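1. quick one: sequence plus predicted model below, questions after.
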Amino acid sequence: MILIIGLGNPPKKYRKTRHNIGSRTVDELKSLNLENIVLAKPTTFMNESGKAVKNLLRTYHLKPSNLIVIHDDIDLPLGKIRIVKNRGAAGHKGVESIIKELKTKNFIRFRIGVCPKTGKPKKTERFILQKFHKEEGKVIKEITKKTAEAIDFFLKEGLEKVMSRFNK
């Protein structure tokens, strides 16, 4: 069994923000017919994600190696995906919380780029809590769908193959 977590902030006002792209991708995954998968969107704020993830792993008797975390990444251009395993948080507070609570970074992450074409903003914490601009909407639809496809491909073909195909 695999636990797939889509990171985001729970209040409705954050639903369409950059920081909630992980949560939005889980919504996209619901349309796929996935077996032996638990999809979850923590109801904690991003900085407390680790507590929710730890509880879910415990509830389903899973190890961190059975965990996939989907989250926004300001270091990647909008619309890009990077799949990594056993890597540091690179400043992402939700991922930092998970690593801290689990005492390991040995889990898979699907990083979704949210950096605008103009480059990384100086005030990233404020920027990621903003909604996507209207013209970014099409890119967001495509990237959540593409990430869902990548996860489906991973479940069928494994980590090396999905990284080779989608980490471009």
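-> Sure, I can see it.

2. just the CA atoms of the worst-scoring helix or strand of the chain on mean pLDDT, as PDB, please.
-> Here the helix or strand of the chain ranked lowest by mean pLDDT, DSSP states H and E is helix 124-127, holding a mean of 90. This file holds the C-alpha atoms of helix 124-127, laid out as PDB (Å, rounded to 0.1, in the frame of the first residue of the first chain):
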ATOM      1  CA  THR A 124       8.600  33.800  -1.500                       C
ATOM      2  CA  GLU A 125       6.500  33.100   1.600                       C
ATOM      3  CA  ARG A 126       4.000  35.800   0.500                       C
ATOM      4  CA  PHE A 127       4.100  34.800  -3.200                       C
END
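
3. so what touches that helix?
-> 18, 74, 121 (CB atoms under 8 Å, 6 or more residues apart in numbering). Every residue, glycine included, has its C-beta placed from N, CA and C.

4. out of those, which are buried?
-> 18, 74 (16 or more other CB atoms under 10 Å).

5. narrow the contacts of helix 124-127 to those in strands?
-> residue 74 (DSSP state E).
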